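# I'd like to go over a predicted model; first the sequence, then the structure.
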Amino acid sequence: MLRLIFKLNENRALTTFRTVNLPSEVRHSRGNFDLFVHEMVHVYQFEKIGSIYI
Ligand SMILES: [Zn+2]
């Protein structure tokens, strides 16, 4: 399922509630620490305000 999503969104990371989804390739891969921190902020936002962060 994620392969299809990453294909459609051009391999951009996305966070769904408490789950950070990172593509295995290119600029949004798990080696990009700044991006990982950005996605963790979305987890924090979910904890504080709920799913409206989406
Ligand atoms: Zn974001």
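Sure thing, it's come through. Numbers count the residues shown, from 1 in each chain.
# the longest helix in this structure is where?
Longest helix in the chain, counting residues (DSSP state H): helix 33-49.
# which helices and strands sit right next to that helix?
When contacts are defined as 3 or more CB pairs under 8 Å, 6 or more residues apart in numbering; DSSP states H and E, helix 33-49 packs onto strand 14-16, strand 19-21. Where C-beta positions appear, they are placed from N, C-alpha and C, glycine not excepted.
# roughly how far does the closest residue to T15 other than its chain neighbours sit from A13?
The shortest distance from T15 to any non-neighbouring residue, by CB to CB, 6 or more residues apart in numbering, is to H42 (4.0 Å). Distance of H42 to A13, given as CB to CB, to the nearest Å: 9 Å.
# what stretches of this structure score poorly on pLDDT?
For the chain, residues meeting the criterion pLDDT under 70 lie at 26.
# re the thing from before, return the set of buried residues in the longest helix of the chain.
35, 39, 42-43, 46 (16 or more other CB atoms under 10 Å).
# figure out how far it is from the centre of its chain.
In terms of CA atoms, centre = their mean, to the nearest Å, the centre of helix 33-49 is set 8 Å apart from its chain centre.
# show me the contact partners of that helix.
The contact list for helix 33-49 (CB atoms under 8 Å, 6 or more residues apart in numbering) reads 13-15, 17-18, 20, 22, 27-28, 30, 53.
# how about stretch 9-25?
Contacts for stretch 9-25 (CB under 8 Å, 6+ apart): 2, 5-6, 26-30, 35-36, 38-40, 42-43, 46-47, 51.
# rerun at 10 Å
By CB atoms under 10 Å, 6 or more residues apart in numbering, the residues outside stretch 9-25 that reach it are 1-3, 5-7, 26-32, 35-36, 38-43, 45-47, 50-51, 53-54.
# span of it from start to end?
13 Å (CA to CA, to the nearest Å).
# quick one: contacts for the closest residue to A13 other than its chain neighbours?
Nearest residue to A13, sequence neighbours excluded (CB to CB, 6+ apart): H28, at 4.3 Å. By CB under 10 Å, 6+ apart, the contact set of H28 is 6, 9-14, 21-22, 35-36, 38-39.
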